[in-house]
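Peer 1: Below: sequence and its predicted model.
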Amino acid sequence: MFENSDQSKTDLSELGEFGLIDHLTKSFNITPEFTLKGIGDDAAVLDFKEEKVIVTTDLLVEGVHFDLSYMPLKHLGYKAVMVNLSDVYAMNATPRQITVSIAVSNRFPVEALEELYAGIKLASKLYKVDVVGGDTSSSTSGLIISVTALGGAKEEEVVYRSGAKTNDLLVVTGDLGAAYMGLQVLEREKQVFKVNPKNQPDLDPYTYLIERQLKPEARKDIPPLFKALEVKPTSMIDISDGLSSEVIHLCKNSKTGVNLFEEKIPLDPAVISVCEEFQLDSTTIALSGGEDYELLFTIDQGDYDKIKGNPNFTVIGHMTEEAEGMHLVTRANQKIPLIARGWNAMDKKEDKK
Ligand code: ADP
Ligand code: MG
């Protein structure tokens, strides 16, 4: 779709590296309060005032992390930003700036990169972050995009993976498994399309799932909500690789065990019905699917009343002594050891790499 065979598209070489950077970034504004100098000098100059600086980076590689046959470039740009902002929120911090580095082959016309940057721009506007720099290179084959996010938080507000205590409640935002099932639907449609390109799929029943895969939103509402509720989680992580591996990260970093209750795992009805259609177990999908970008955290039991009944939160378990181990308590009330079968493990199993 983005192959540069169409003569009406502009070849990257027509602009050159500097022309291209200028073209893609000229419309980016900065917030003078936090960004003294953005794009255009040897380096950006930022102001974090009294706050500690939170930094995180992700790298997305075509063919490994995304497939352009069903991922529109605008969505890719948006998602590349979300993945990073989610990590900043998982520290209970506020993202302020991002940098964007890309390597592109000349099979992409300028118009394709405009799309990518339209997604980046939309994300930066909605999430109030400044694009303050990056790097641009050529690539011999696919597209590579790396985003770094910078955020700020008061030192006492920062939440690490390591603070959970025995008896703390384990809580998750939103619902799980939808992004993974969205990917399954898109993969299936791609295969159908290969056989019969004229087939017009009815994707309406899958709208929520596909949106969760193609246009994930980071939980920017959650850190301010904690503040309003006067709750500080004892530990927190974002769910990028599936619930089980993230729970295990919290346990290992905090030196605790866990009892995670299968019946409590929040699932959207669309996930339950599409799992039936694909003959997949919805618990397995929530535990091992990926890219939900929800937040998983622990709180002291004494804070339960503050979050009770809030529609953003579901209590799914509690932390135990480390020696008790990490367990999933099934609907049949059986305790089975929790294993990390993250997104990558599933990917390999289904031979998608
Ligand atoms: P340098 O040679 O110092 O690396 P560049 O010419 O690569 O400088 O970049 C010039 C300016 O444009 C810098 O502010 C840089 O951060 C920014 N920039 C370069 N590539 C990108 C990009 N892909 N997205 C956003 N900003 C970029
Ligand atoms: Mg450079």
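Peer 2: Perfect, thanks for sending it. Ligands and ions are numbered 1, 2, ... in the order given.

Peer 1: Could I get the contacting residues of the spatially most central residue of the chain?
Peer 2: Centroid check for the chain by CA atoms, centre = their mean gives residue 83 as the closest residue, at 3.5 Å. Neighbour list for residue 83: 58, 60, 147, 216, 218, 240, 293 [criterion: CB atoms under 8 Å, 6 or more residues apart in numbering]. Just so you know, the C-beta spots here come from the backbone N, C-alpha and C atoms, and that holds for glycine as well.

Peer 1: so the fourth one makes contact with residue 290?
Peer 2: No. Under the contact definition of CB atoms under 8 Å, residue 216 does not touch residue 290, with a separation of 10.7 Å.

Peer 1: More neighbours: which of the two?
Peer 2: Shown here are residue 216 and residue 290; by other CB atoms under 10 Å, residue 290 has more neighbours (24 against 21).

Peer 1: Quick check: the gap between that one and ligand 1.
Peer 2: With distances taken as CB to the nearest ligand atom, to the nearest Å, residue 290 is found 26 Å from ligand 1.

Peer 1: mind checking the SS state of that residue?
Peer 2: Following DSSP: H, G, I helix; E, B strand; the rest coil, the label given to residue 290 is coil.

Peer 1: Quick one: name the residues of the chain near ligand 1.
Peer 2: Applying CB under 6 Å from any ligand atom, we find that the chain lies next to ligand 1 at 21, 25, 39-42, 100-102, 131, 133-136.

Peer 1: rerun that using 5 Å as the cut-off
Peer 2: Contacts of the chain with ligand 1, taken as CB under 5 Å from any ligand atom, map to 21, 25, 39, 42, 100, 102, 133-136.

Peer 1: just checking, which of those residues belong to strands?
Peer 2: Those of the residues of the chain next to ligand 1 mapping onto strands are 100, 102, 133-136, per DSSP state E.

Peer 1: what's the distance between stretch 285-299 and the middle of its chain?
Peer 2: 10 Å (CA atoms, centre = their mean, to the nearest Å).

Peer 1: sorry, back to before: possible to save the residues of the chain next to ligand 1 as TSV with neighbour count and pLDDT?
Peer 2: Listed next are the residues of the chain next to ligand 1 as TSV, based on neighbours: other CB atoms under 10 Å; pLDDT from 0 to 100:
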residue	neighbour count	pLDDT
21	18	92
25	20	93
39	20	96
42	6	96
100	26	98
102	26	97
133	22	97
134	20	97
135	12	96
136	17	95
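
Peer 1: can you list contacts of the host helix or strand of residue 116?
Peer 2: Per DSSP states H and E, residue 116 falls inside helix 110-126. Under the contact criterion CB under 8 Å, 6+ apart, helix 110-126 has outside partners 2, 4, 9-12, 14-15, 20, 23-25, 27-28, 72-82, 85, 98, 100, 102, 104, 129-131, 145.

Peer 1: Next one: residue 288 from residue 239, what distance?
Peer 2: Using CB to CB, to the nearest Å, residue 288 is found at 11 Å from residue 239.

Peer 1: do the same with residue 256
Peer 2: For residue 256, the distance to residue 239 - CB to CB - is 18 Å.

Peer 1: same thing with residue 184?
Peer 2: Residue 184 sits 18 Å away from residue 239, going by CB to CB.

Peer 1: Who has more neighbours out of those two?
Peer 2: residue 239 (26 against 20).

Peer 1: so that one touches residue 246, yeah?
Peer 2: Yes. Counting by CB under 8 Å, residue 239 touches residue 246, with 5.1 Å between them.
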